[in-house]
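Student: No letters, just coordinates:
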Ligand SMILES: NC(=O)c1ccc[n+]([C@@H]2O[C@H](COP(=O)([O-])OP(=O)(O)OC[C@H]3O[C@@H](n4cnc5c(N)ncnc54)[C@H](O)[C@@H]3O)[C@@H](O)[C@H]2O)c1
């Protein structure tokens, strides 16, 4: 039987890479995003490659949208096996200038979204009476706290904590919860981080913040969506059945835990 996965925020970036890899692994995949035109484009591309995918628009910050993506997945593919809480947003601001709006938006998407997604997926796994896997997007910023990224780092620390506690509570249902913690991947998220860091710096030129961060990577290259997808593919597979509550770094040698 083919397994079914949902990847939130998968119209582009790391989520798209993860969704593509899971399709290649033989999953039926629900591609999900808040950006409808980009979502439609990605679904079209994947279908042209012959993959069995279905697009669902949604905002992870809304609890009803997260339950809806699970409902639509089951209506379309008949079941759910893996739910990937990938969607997330960055925030780059000097600490003294962090405002309520940034805190609320970042926590609503990165943290509340992960909680609601996990609840919706777990409810379905329990109803199905099957094992299930929840896989969260954490970050090196869930292990270290970075300058200019205080809000973002706080949200990813919260994701790490929810990964631990939900894993403990859901284990009795044979539901595992793990997280992938990427380092410096060249997606549109890092384009924005670089732009904002340069804006707030006296001596950085465009591209230099990204270069500075990347130059610390032991393996001497920045990360690709494929690097991240390699780990997620494993975490989504039966080979990871005995792993739960882990937040695994995939960063080329940057943060050591
Ligand atoms: N790029 C990196 O270096 C890096 C490093 C560590 C962790 N991460 C994490 O990986 C995940 C993916 O990052 P990325 O670099 O691909 O980001 P990205 O900005 O390139 O892509 C994010 C995708 O999520 C979608 N999205 C945003 N808000 C949403 C919402 N409220 N509901 C549904 N979809 C939404 C966007 O439309 C976009 O398609 C994020 O959780 C991010 O924090 C990224």
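Tutor: Noted; the coordinates are in hand. No experiment lies behind these values; they were computed from the predicted model shown. Numbers count the residues shown, from 1 in each chain.
Student: Contact residues of this protein facing the ligand?
Tutor: 8-9, 11-15, 33-35, 59-61, 86-89, 109, 137, 139, 182, 184-185, 187-190 (C-beta under 6 Å from any ligand atom). (Glycine included, C-beta is placed from N, CA and C.)
Student: ok, which stretches of the chain are helices?
Tutor: Along the chain, the stretches classed as helices by DSSP state H are 13-24, 36-48, 63-77, 100-106, 113-128, 150-170, 188-199, 208-214, 225-236.
Student: Of those helices, which stretch is the most buried?
Tutor: helix 13-24 (a mean of 24; mean count of other C-beta atoms under 10 Å).
Student: Which neighbouring elements make contact with it?
Tutor: With contacts taken as 3 or more C-beta pairs under 8 Å, 6 or more residues apart in numbering; DSSP states H and E, helix 13-24 sits against strand 4-7, strand 28-33, helix 36-48, strand 82-85, helix 225-236.
Student: For my notes, please list those in a markdown table and give mean pLDDT for each entry.
Tutor: Converted to a markdown table, the helices and strands packed on helix 13-24 look like this (pLDDT from 0 to 100):
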| stretch | mean pLDDT |
| --- | --- |
| strand 4-7 | 99 |
| strand 28-33 | 98 |
| helix 36-48 | 98 |
| strand 82-85 | 99 |
| helix 225-236 | 98 |
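Student: which residue does the stretch 51-200 of the chain bring closest to the ligand?
Tutor: Per C-beta to the nearest ligand atom, residue 88 is where the stretch 51-200 of the chain lies closest to the ligand, at 2.2 Å.
Student: my guess is that residue contacts residue 110, does it?
Tutor: Yes: contact criterion C-beta atoms under 8 Å: residue 88 and residue 110 qualify, at 4.8 Å.
Student: hmm, back to that, count of residues packed around the residue of the stretch 51-200 of the chain closest to the ligand?
Tutor: Using other C-beta atoms under 10 Å, residue 88 has 26 neighbouring residues.
Student: ok, it - contacts?
Tutor: Neighbouring residues of residue 88 by C-beta atoms under 8 Å, 6 or more residues apart in numbering: 9, 109, 110, 113, 137, 155, 189.
Student: Point to the residue nearest the middle of this structure.
Tutor: residue 86 (1.9 Å; C-alpha atoms, centre = their mean).
Student: any idea how far residue 49 is from that residue?
Tutor: Distance of residue 86 to residue 49, computed by C-beta to C-beta, to the nearest Å: 20 Å.
Student: for residue 27, same thing?
Tutor: Residue 27 is 14 Å from residue 49, by C-beta to C-beta.
Student: Tell me which of those two has more neighbours.
Tutor: Shown here are residue 27 and residue 49; by other C-beta under 10 Å, residue 27 has more neighbours (25 against 10).
Student: ok, that one touching residue 84?
Tutor: No: if you go by C-beta under 8 Å, residue 27 and residue 84 don't touch, sitting 10.4 Å apart.
Student: Overlap in contacts, the two.
Tutor: In contact with both residue 27 and residue 84: 5, 236, using C-beta under 8 Å, 6+ apart.
Student: quick revisit: now list whatever residues contact both of residue 88 and residue 110.
Tutor: Shared contacts of residue 88 and residue 110, defined by C-beta under 8 Å, 6+ apart, comprise residue 155.
Student: out of everything not next to it in sequence, what's closest to the residue nearest to the centre of the chain?
Tutor: Using C-beta to C-beta, 6 or more residues apart in numbering and skipping the chain neighbours, the partner closest in space to residue 86 is residue 15 (4.1 Å).
Student: thinking again about what came up before, could I get the contacting residues of the residue nearest to the centre of the chain?
Tutor: 7, 8, 9, 10, 14, 15, 18, 137 are the contacts of residue 86 under C-beta under 8 Å, 6+ apart.
Student: now, among those residues, which is nearest to the ligand?
Tutor: residue 9 (2.6 Å).
Student: Got phi/psi on that closest one?
Tutor: phi 60, psi 50 (degrees, to the nearest 10).
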